[in-house]
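Novice: sequence and predicted structure are below.
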Amino acid sequence: KQEVTQIPAALSVPEGENLVLNCSFTDSAIYNLQWFRQDPGKGLTSLLLIQSSQREQTSGRLNASLDKSSGRSTLYIAASQPGDSATYLCAVQGPRNQFYFGTGTSLTVIP
Amino acid sequence: GAGVSQSPRYKVAKRGQDVALRCDPISGHVSLFWYQQALGQGPEFLTYFQNEAQLDKSGLPSDRFFAERPEGSVSTLKIQRTQQEDSAVYLCASSLPGGLAGEFNEQFFGPGTRLTVL
């Protein structure tokens, strides 16, 4: 079974810092990888989707990269803001219809 | 346009009661997923529909869990004879097919239903 790990589990940074969140998966046979943020008591908000033919996606201050062969993805957040505080989750789609999620990285940006 | 909606947002049930959770996907999204999220964990896949067809139900934890999507739009997740271990947030997501066969496009999630079984 695909296992998805996110490191670190929690991260606290001062406002303005650039930061990197990591996601690793055990089975490289994936279709795509999606990054989400989840605010307390809320559902998941899609941030970036890296499809099978892509290696990178960018949206505003966010950049996500995917290396299938090494089973890793990183989410880079530039110039962090207090509003970025949330839990960040990555999910991979395997060859079947299932999606596998990591347990998330809880980010706190201190003003 | 409207996003994915779920109702109720909160449900408290006594052990042994049956519950029904509703999901309204984004209009035109043929794919619909249900997930279970325990506190402090990532969502766990339960089941997947393409239109009205339930193509994968391998994540349903027991035969007390049943999902349907009779007209290919609204879906209902039913849990019979609820147990305390069923307490969790139940998330619904919808998406369009991706560019390659078998690949999905971006998933959009609803706010979830928090189920508490006493």
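Specialist: Received, thanks.

Novice: so which residues of the chain form strands?
Specialist: If you meant another chain, say so; for now it's chain A. Taking DSSP state E to define them, one finds strands in chain A at A:4-7, A:10-14, A:19-25, A:32-38, A:44-50, A:56-59, A:62-67, A:72-77, A:86-93, A:99-101, A:105-110.

Novice: try chain B instead
Specialist: Remark: strands assigned in chain B by DSSP E are B:5-7, B:10-13, B:19-24, B:31-37, B:44-50, B:53-56, B:65-68, B:75-79, B:88-95, B:108-109, B:113-117.

Novice: point to the residue nearest the middle of chain B.
Specialist: B:W34 (2.7 Å; CA atoms, centre = their mean).

Novice: tally of neighbours for the closest residue to that one other than its chain neighbours?
Specialist: With sequence-adjacent residues excluded and distances taken as CB to CB, 6 or more residues apart in numbering or on different chains, B:W34 is closest to B:L46, at 4.2 Å. All C-beta atoms are positioned from the backbone trio N, CA, C, and that covers glycine. When neighbours are counted by other CB atoms under 10 Å in any protein chain shown, B:L46 registers 22.

Novice: B:L46 is in contact with B:S62, isn't it?
Specialist: No: here B:L46 lies out of contact with B:S62, judged by CB atoms under 8 Å, at a distance of 11.1 Å.

Novice: any idea how far A:L48 is from the residue of chain B found nearest chain A?
Specialist: At 3.3 Å from chain A, B:G42 is the closest residue in chain B, using CB to the nearest CB. Separation of B:G42 from A:L48 (CB to CB, to the nearest Å) stands at 17 Å.

Novice: then B:A2?
Specialist: 23 Å.

Novice: more neighbours, those two?
Specialist: Remark: of B:A2 and A:L48, A:L48 carries more neighbours, 21 against 8, as counted by other CB under 10 Å.

Novice: so the more buried one touches A:Q34, yeah?
Specialist: Yes: under the criterion of CB under 8 Å, A:L48 makes contact with A:Q34 at 7.0 Å.

Novice: what does chain A have sitting close to chain B?
Specialist: Residues of chain A found near chain B (CB under 8 Å from any CB of the partner chain) are A:4, A:31-32, A:34, A:36, A:42-46, A:49, A:51-53, A:89, A:91, A:93, A:95-104.

Novice: are any of those buried, and which?
Specialist: Listed as buried from the residues of chain A next to chain B are A:4, A:31-32, A:34, A:36, A:43-44, A:46, A:49, A:51-52, A:89, A:91, A:93, A:97-102, A:104; burial here means 16 or more other CB atoms under 10 Å in any protein chain shown.

Novice: read off the pLDDT value for A:Q93.
Specialist: If you check A:Q93, the pLDDT there is 89.

Novice: over to A:K42?
Specialist: 84.

Novice: which elements pack onto the least confident helix or strand in chain A by mean pLDDT?
Specialist: Least confident helix or strand of chain A, by mean pLDDT, DSSP states H and E, is strand A:99-101 with a mean of 91. Judged by 3 or more CB pairs under 8 Å, 6 or more residues apart in numbering or on different chains; DSSP states H and E, strand A:99-101 is in contact with strand A:86-93, strand B:44-50.
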